[in-house]
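Asker: this one's sequence-less:
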């Protein structure tokens, strides 16, 4: 990157908000995936849309790669600056600009972290429902169309964003969508930007759809003789119209890891963990009765349920720690996180296939997922001395299986680096060509997160 | 259109599926809006994707306008062939290709009408939830991102389409999306096509998300002293977490029209009409109790509720006939249908403003809408001798008000012809320019429904 560009940036943002320091570059060189570090040439911290626009105009003119940065918590290398250039860190654009409580909406800057945001929104009795687990930034969630345990009821990020302000590659600022939840007025640019991983524009403001904080909770934990039996119950529960707020599958290995916590002592078996939200405890009680019937009829070998926030927390304790528990049990080892999703009728098959593969390859790790929407994760570990190719081969097999079952190579982590090679298989050459044309017209010099999504 | 093109079409489809007859052209020259008739040069009836692709390749080469046609039930002139050319009627592509009951999905051709489709899906205990009222085609619903009374719970068409097969302007066939309900794999072409009103491609197959047919129904009808009071209750109900399956507002005039049916005798006052779906009658009973409390606390002057399908039908009878009743009461008169949507906190204001305007202009008609999602309709009538400009002035005022209240010029009918003039105001020039660039790259010769959406 030439010195002129840096000089202009420094002139624009001041010394304090432009850094070429090694430490800053390292901090912005990798996310939480296992993809290797790439250093950007510089990191900048804009404070408003006009600055982001000026940065992009400059980068557009000088053909400098630009990568947006939120919390760095993504899991597929999505913000790793593989071609160097400038990382635009949104940490100083992290304000809630408005809470429209009567409309169940908030307007925020992209740098806000969703857990921090939800704490503030809680004071209004509201929350942003998609929950990626990690304390991701809203900008990052939009970039990757993130989702999580509550998506089965409330949808993914793409279902909960109403409007965006976006700075295009050339520095132009557009506004998409509307504060109206309904809109049929032209092309849906909001959804085009969501999930585009910073390759079509940088989001500088987002209007989010919120949900009322549930007044009443109930939770259910049920175990089954096999993953396939548990998965069949998933279908029964969705089909009953019960509308669970979470419906998670955990394999026996995941439960074993969870049981390492002294306060947890669950039967080691494939487990469904559910949560329900309702307007009254009476409605929840009557729902729990139905859930119990479905689980028992479906072959549950253990069933525990309860109404109330404490009961919910009791049953969910452990699930929330699972990621951390896994990494603590395998210090320094190589790891890989998979993220496929399939139609739920194929969930038993992809889960059984993946479990068998883990076992036949002698890999350590756990299988778990958002069963209610067909999303399956594994975190697998291998000794530091093992070959990367083995983990990669495992990933390939799981993805191929998911695609064969009419699924996707990525349910919620995005394409980033690791999933690019599956894109043509998943979409076909003709659809990929349309994506390329759109990229070309919106970012003709390929400065926005180059080397991602379409390569 | 030159004779060569017709000869090739006839060669491709046979005499019976290519028509230049006046009667066929008239039938495909206008929809159910008040926009004037434009005759296409010819109408064709393809039977498969390969034929649609061949038609488009030909049209692309010869620069012939192409307009897709479903049921002709749209309300904004969306499929009127304003530049002539070929209307592609999907009537012979109206099959259900698959029902994936275990996944709550179906794969259909675009020409199927949604009421016909739902009859068949009902045998599987499933239904496609967005309900535009008219017996629209699925292709048309996708083109216009149609919605209706159940959208408050189940979403609009855009929330219920998982995957598409689309023929592009040049005849290329792409597949978008996935049968997996979750997907973060690249640009969201599915949502780009939904709501593009046939200007970016023609949908030849759609994978739809279905809902389980509700086992149990309840319904509520409550009247209030003013529209503003009724609208405040809307917010209370949404905020309670009750999740109504429908939440409709009707003004006193609408109720007066409904009361023309001998079997209906409702209090003439602003009215909320609600429907709830639940897994058991017990959950519904307990929900109704809460609804009653909210309505009574909110100032309801009349409240009627009941559990069960018959009770639902009793309370909703009349609402389903409203459109027809209105047109029967004003034979031969000029009419205009409005379709704005705003954030629900602004719903009382846009409703009161619109009601006042109807009254101050001495217009006849009714105001009603999908209050739960901020969508307001009016159907207004004027003597045949009145000036078009008056109705248009009314529409302008209502749209300007909605845009001023951070809403949209069209909640569910699409841009078509009548809403083009508001697009720059609603989106800003920069966003419209992005839409134009996307149109240009996907349809460089502007053959797909020319003169619509962006003009």
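Answerer: Alright, I've got the coordinates. All of these numbers come straight from a predicted model, not from anything done at the bench. Numbers count the residues shown, from 1 in each chain, chains lettered A, B, ... in the order given.

Asker: okay, helices next: where are they in the stretch 101-250 of chain A?
Answerer: Residue ranges of the helices in the stretch 101-250 of chain A, as given by DSSP state H, counting those that start in this stretch, are A:114-122, A:138-144, A:151-154, A:189-193, A:227-239.

Asker: what comes into contact with stretch A:430-446?
Answerer: Taking C-beta atoms under 8 Å, 6 or more residues apart in numbering or on different chains as the criterion, the residues outside stretch A:430-446 that touch it are A:60, A:63, A:168-169, A:192, A:199-201, A:423-424, A:427, A:453-454, B:168, B:172-176, B:186-187, B:189, B:434, B:437-438, B:440-442. Where you see a C-beta, it was placed from the backbone N, CA and C, and this is true even at glycine.

Asker: residue B:452 versus residue A:144, what's the distance?
Answerer: To residue B:452, residue A:144 is 33 Å away according to C-beta to C-beta, to the nearest Å.

Asker: more neighbours, these two?
Answerer: Set side by side, residue A:144 and residue B:452 show more neighbours around residue A:144, with 31 against 27, by other C-beta atoms under 10 Å in any protein chain shown.

Asker: center of chain A, which residue is that?
Answerer: Centroid check for chain A by C-alpha atoms, centre = their mean gives residue A:146 as the closest residue, at 2.9 Å.

Asker: what sits against the residue in the stretch 201-350 of chain A positioned nearest to chain B?
Answerer: Taking C-beta to the nearest C-beta as the measure, the point where the stretch 201-350 of chain A comes nearest chain B is residue A:345, at 3.7 Å. The neighbourhood of residue A:345, defined by C-beta under 8 Å, 6+ apart, consists of A:235, B:100, B:102, B:103.

Asker: re the thing from before, got a list of what the residue nearest to the residue nearest to the centre of chain A when sequence neighbours are not counted touches?
Answerer: Nearest residue to residue A:146 in three dimensions, chain neighbours excluded: residue A:132, at 4.2 Å (C-beta to C-beta, 6 or more residues apart in numbering or on different chains). Contacts of residue A:132 were listed using C-beta under 8 Å, 6+ apart, and they are A:73, A:114, A:141, A:146, A:147, A:148, A:412.

Asker: if we go to 7 Å?
Answerer: By C-beta atoms under 7 Å, 6 or more residues apart in numbering or on different chains, the residues touching residue A:132 are A:141, A:146, A:147, A:148.

Asker: if I look at it, how far off is chain B?
Answerer: Separation of residue A:132 from chain B (C-beta to the nearest C-beta, to the nearest Å) stands at 11 Å.

Asker: likewise for residue A:422?
Answerer: Counting by C-beta to the nearest C-beta - residue A:422 and chain B are separated by 8 Å.

Asker: please apply the same query to residue A:13.
Answerer: From residue A:13 over to chain B the distance is 24 Å, taken as C-beta to the nearest C-beta.

Asker: ok, which stretches of the stretch 251-400 of chain A are strands?
Answerer: All strands of the stretch 251-400 of chain A, identified by DSSP state E, counting those that start in this stretch, fall at A:271-278, A:302-307, A:334-341, A:364-370, A:375-382.

Asker: go through the ones you listed and name the closest to residue B:68.
Answerer: Closest to residue B:68 of the strands of the stretch 251-400 of chain A, according to C-beta to C-beta: strand A:334-341, at 31.0 Å.

Asker: quick one: is that closest one near chain B?
Answerer: Yes: using C-beta under 7 Å from any C-beta of the partner chain, we find that strand A:334-341 touches chain B at residue A:341.

Asker: which residues of the stretch 201-350 of chain A lie near chain B?
Answerer: Selection of the stretch 201-350 of chain A residues close to chain B by C-beta under 7 Å from any C-beta yields A:212, A:214-215, A:235, A:239-242, A:277, A:279-280, A:282-283, A:286-287, A:290, A:341-345.

Asker: show the buried residues in those residues.
Answerer: Buried residues within those, defined by neighbour count using 16 or more other C-beta atoms under 10 Å in any protein chain shown: A:212, A:214, A:235, A:239-242, A:277, A:279-280, A:282-283, A:286-287, A:290, A:341-345.

Asker: name the nearest residue to residue A:290, ignoring sequence neighbours.
Answerer: Residue A:290's closest residue in space is residue B:279 (C-beta to C-beta, 6+ apart), at 5.7 Å.

Asker: and what of residue A:449?
Answerer: The shortest distance from residue A:449 to any non-neighbouring residue, by C-beta to C-beta, 6+ apart, is to residue A:198 (4.3 Å).

Asker: for the one you found, list the residues it contacts.
Answerer: For residue A:198, the contacting residues are A:67, A:68, A:143, A:448, A:449, by C-beta under 7 Å, 6+ apart.

Asker: which pair of the contacts of residue A:345 spans the longest distance?
Answerer: Counting by C-beta to C-beta, the most remote pair of the contacts of residue A:345 is A:235 and B:100, 11.3 Å apart.

Asker: how near is the residue nearest to residue A:323 when sequence neighbours are not counted to residue A:125?
Answerer: In this structure, residue A:323 finds its nearest non-sequential neighbour in residue A:133, 6.5 Å apart by C-beta to C-beta, 6+ apart. When distances are taken as C-beta to C-beta, residue A:133 and residue A:125 turn out to be 23 Å apart.

Asker: same thing with residue A:52?
Answerer: To residue A:125, residue A:52 is 32 Å away according to C-beta to C-beta.

Asker: for those two, indicate the residue with more neighbours.
Answerer: A count of neighbours by other C-beta under 10 Å puts residue A:52 above the other of residue A:52 and residue A:125, at 27 against 14.

Asker: ok so, going back, in ChimeraX, select just the buried ones from the contacts of residue A:132.
Answerer: To isolate the buried ones among these in ChimeraX, judged by 16+ other C-beta under 10 Å, type:
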select /A:141,146,147,148
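
Asker: identify, from the contacts of residue A:132, the entry nearest to chain B.
Answerer: Distance to chain B across the contacts of residue A:132 (C-beta to the nearest C-beta) is lowest for residue A:147, with 6.0 Å.
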